[in-house]
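In: what's the 3D shape of this:
(chains A, B, C and D)
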2 protein chains.
Amino acid sequence: MSALGFEAHDHARCVSGTLAQAEAYCAENKLKLTPIRRRALELLLAEHRALGAYDLLALLAKDGLGTAPPVAYRALDFLTSAGFAHKIEGLNAYIACAHTGGDHAPAFLVCTECKSVAEVGTEMSQGRLGEAARSAGFAIKHTVIEALGLCPRCQSDATCA
Amino acid sequence: MSALGFEAHDHARCVSGTLAQAEAYCAENKLKLTPIRRRALELLLAEHRALGAYDLLALLAKDGLGTAPPVAYRALDFLTSAGFAHKIEGLNAYIACAHTGGDHAPAFLVCTECKSVAEVGTEMSQGRLGEAARSAGFAIKHTVIEALGLCPRCQSDATCA
DNA sequence: TTGCTAAGTGTTATGGTATAACATATCAAT
DNA sequence: ATTGATATGTTATACCATAACACTTAGCAA
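Out: Numbering: from 1, shown residues only, chains lettered A, B, ... in the order given. Have a look, this model is predicted:
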């Protein structure tokens, strides 16, 4: 799967591969990838687009893994803390991470039409934001960097509609 | 008022000056800065930090300017469309704009403790996001660029606590 | 002036997002 | 086996946002 994220790819492999990486990472780091958490990640990876917490909950419910909101939010908390998923603030939705495990400061291209997301690497201390933070004496804990718009596919759909 | 936003400044002037600019901008552009909208902007400017829609609504209610949520959201829609205010997605809150009027693609340093916000200029087509968008054929409509963390003041408070 | 249209406001109801709080269960380490 | 930490089940609630419809006001044309 390309870092740019809007291209076709072998999706089944992308899911199972990332899931395997997540398992390895958890084993190394004493994190527990419980059935709910594992399935939540699997679902996010399979959808390959940003899902709302309640969308995820509905999918988990189909598998008999829980029906109340905290089930979904706890799984998402775990996945985001572990770096397996990210919240897209511009959509109040969640996406599986394209680069398994650990802390990073990602940026996203988010299609508001089909909810597909491409993850782009950044460095927290780079760019204008980091520059501005340093000169203001501001301590960055977390960055939200998102471009909302239309992916190539949805652009063509729009022009033909 | 400095662009960096965490420094002391003559606040009464910063409020009245920006309000005057907003009035001028509306006059030029056939926009109607009605009493509710004007007061909403004034309140956001006066608070000088990010306010939730319901916080703003409570303040408007004190002035007898409305009690139901749509009152606040309509005012905020107008102010954000006109470029007089921005939504901070990371807080689901709203902040008066530091640079009156018109379209721009701002970035923010957001203190999660005291909700103060510094606005930093950016260019939509610059940086990694713009680069990535171009190479992916992605059409950016809007950017969300926020650094969440602690402002200088809240850092010192935290270390002393 | 009248009447039209577009924009703004008042209000009710509802939908969507997220968490607090507490009871219960599981598991690893002694 | 006991303990302590972590995970889960469940209820209730808080917070964020908008749909829909009635009514009013402002601007404009006939």
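
In: In chain A, what helix or strand scores lowest on average pLDDT?
Out: The helix or strand of chain A with the poorest confidence is helix A:152-160; it has a mean of 82 (mean pLDDT, DSSP states H and E).

In: can you give me the offset of stretch A:105-113 from its chain's centre?
Out: 9 Å (CA atoms, centre = their mean, to the nearest Å).

In: start to end distance for that stretch?
Out: Taking CA to CA, to the nearest Å, stretch A:105-113 runs 24 Å from one end to the other.

In: what does stretch A:39-56 give?
Out: Stretch A:39-56 has an end-to-end distance of 10 Å (CA to CA).

In: any idea which element the most centrally placed residue in chain A lies in?
Out: For chain A, the residue whose C-alpha lies nearest the mean C-alpha position (CA atoms, centre = their mean) is residue A:95; its distance is 2.6 Å. Using DSSP states H and E, residue A:95 sits in strand A:93-96.

In: Confirm for me that residue A:60 is in contact with residue A:75.
Out: Yes - here residue A:60 reaches residue A:75: they are 7.4 Å apart, a contact under CB atoms under 8 Å. In this view, the C-beta of every residue, glycine as well, is placed from N, C-alpha and C.

In: Now for these two: what residues contact both?
Out: Common neighbours of residue A:60 and residue A:75, using CB atoms under 8 Å, 6 or more residues apart in numbering or on different chains, are A:36, A:40.

In: Which one's more surrounded, the two?
Out: residue A:75 (27 against 19; other CB atoms under 10 Å in any protein chain shown).

In: Please report how far the more buried one lies from residue A:52.
Out: 13 Å (CB to CB, to the nearest Å).

In: what's the answer for residue A:73, then?
Out: 11 Å.

In: Regarding chain A, what is its longest helix?
Out: The longest helix of chain A (DSSP state H) is helix A:11-28.

In: Give the next helix or strand downstream of that one.
Out: Following helix A:11-28 in sequence, per DSSP H and E, is helix A:35-47.

In: Show me what from chain A comes close to DNA strand C.
Out: When proximity is defined by CB under 7 Å from any atom of the strand, chain A lies next to DNA strand C at A:52-54, A:68-70, A:73, A:77, A:87, A:92-93.

In: Understood, closing this out.
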